[in-house]
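**Q** All I have is the shape, not the residue letters:
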């Protein structure tokens, strides 16, 4: 079982993502970290959840300033979908099975 503190931290980061503005290339890194977070939750691995959450936090605009000429944009559809799937899976009631965003 993933510890509640790890879930809370992950939820905090997931809640912030829709407000992030990053370079387009940075969103690919966010997508990889979201994939890692989803995998960690499916494995019920608290350490992996914490590691993936920290990786996401380090990609946030607060931690990685958007320097340069590249366009700064909000989350692409794929990141929004991944985020929604993770939120659905960790907020589902026990026994409900995975929820879908559709």
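**A** Arrived safely, thanks for sending. Everything numeric here is computed off the predicted structure, so don't read it as measured data. Numbers count the residues shown, from 1 in each chain.

**Q** Give me the buried positions along stretch 10-23.
**A** 10, 13-14, 17, 20, 22-23 (16 or more other Cβ atoms under 10 Å). For the C-beta atoms, the positions are set from N, CA and C on the backbone; glycine is no exception.

**Q** Those residues in strands, which ones?
**A** Of the positions in the buried residues of stretch 10-23, 22-23 sit in strands, assigned by DSSP state E.

**Q** Generate JSON lines for the buried residues of stretch 10-23, with pLDDT and distance to residue 30 as supplementary columns.
**A** Formatted as JSON lines, the buried residues of stretch 10-23 follow (pLDDT from 0 to 100; distance: Cβ to Cβ, whole Å):
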{"residue": "10", "pLDDT": "97", "distance to residue 30": "14"}
{"residue": "13", "pLDDT": "97", "distance to residue 30": "10"}
{"residue": "14", "pLDDT": "98", "distance to residue 30": "11"}
{"residue": "17", "pLDDT": "98", "distance to residue 30": "7"}
{"residue": "20", "pLDDT": "96", "distance to residue 30": "8"}
{"residue": "22", "pLDDT": "93", "distance to residue 30": "7"}
{"residue": "23", "pLDDT": "89", "distance to residue 30": "11"}
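
**Q** give me the element the residue positioned nearest the centre of the chain is part of.
**A** Centroid-nearest residue in the chain: residue 34, 4.2 Å away (criterion: Cα atoms, centre = their mean). Residue 34 is part of helix 24-42 when elements are defined by DSSP states H and E.

**Q** For that helix, give me every contacting residue.
**A** Residues from elsewhere that reach helix 24-42, judged by Cβ atoms under 8 Å, 6 or more residues apart in numbering: 2, 10, 17, 20, 22, 48-49, 51-53, 55-56, 59, 64, 66, 70-71, 73, 75-76, 78-79, 82-83, 85-86, 89-90.
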